[in-house]
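> how would this look folded up:
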Amino acid sequence: MVLRDLDLKDAEYMLEWMHDENVNGYLGKDFSQMEMEDCLSFIRDSHSDEKNKHFAIADDGDEYMGTISLKNIDMENKRAEYAISCRSKAMGKGFARKATERLFEIGKESYGLALLYLNVYDYNVRAQRLYEKTGFRRVGQPEYVREAQDERLLWYEREL
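Numbering: from 1, shown residues only. Presented below is the predicted three-dimensional model:
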């Protein structure tokens, strides 16, 4: 498993998970209406986005398995939001755990981050298990997240 920059060749597999109910049914955003051009634009834009860093999770043959991200990077407060989405094909094979652990290293070493946070719907038990296995701890809605959120969201933080 490697983390690398997103590449245009990843768009087909990115679109696959976006249209997979086993994946997008648990996310806060409805990706089911996305089209190939949406994926290509996201990938192109990711290369110049300073506030968000998106990485492809790839297997040893360089096949895209998912995307893992540091979002809303706040260099002043040394924190960022964590996000991950994987293809069904990658689930249960350790890609998400290994990618998450690697992202912790990148966040700390390359960006000087001290804290990652995330939210997840209460019904997404699989994701919650991943977060807890990788050292995230459950917290209330952080004060730095100002806007009101869906009451079904659970919040997690992890110090790096």
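> from Ala99, how far out is Asp74?
Distance, Asp74 to Ala99, by Cβ to Cβ, to the nearest Å: 22 Å. C-beta coordinates here come from the backbone N, C-alpha and C atoms, glycine included.
> neighbour-wise, which of those two wins?
Ala99 (25 against 13; other Cβ atoms under 10 Å).
> mind listing what the closest residue to Asn124 other than its chain neighbours touches?
Once flanking residues are discounted, Asn124 sits nearest to Tyr26: 4.3 Å by Cβ to Cβ, 6 or more residues apart in numbering. Residues counted as contacts of Tyr26 (Cβ atoms under 8 Å, 6 or more residues apart in numbering) are 121, 123-124, 126-127.
> so Tyr26, which state does it fall into?
At Tyr26 the chain is in coil, as set by DSSP: H, G, I helix; E, B strand; the rest coil.
> for the one 5 residues further on, same thing?
Under the three-state scheme (three-state DSSP), Phe31 adopts coil.
> pLDDT value on the residue nearest to Asn124, please?
Looking at Tyr26, its pLDDT is 86.
> what of Glu147?
For Glu147, pLDDT reads 77.
> look up how far Gly28 lies from it.
Glu147 is 13 Å from Gly28, by Cβ to Cβ.
> please consider this matter closed, and thank you.
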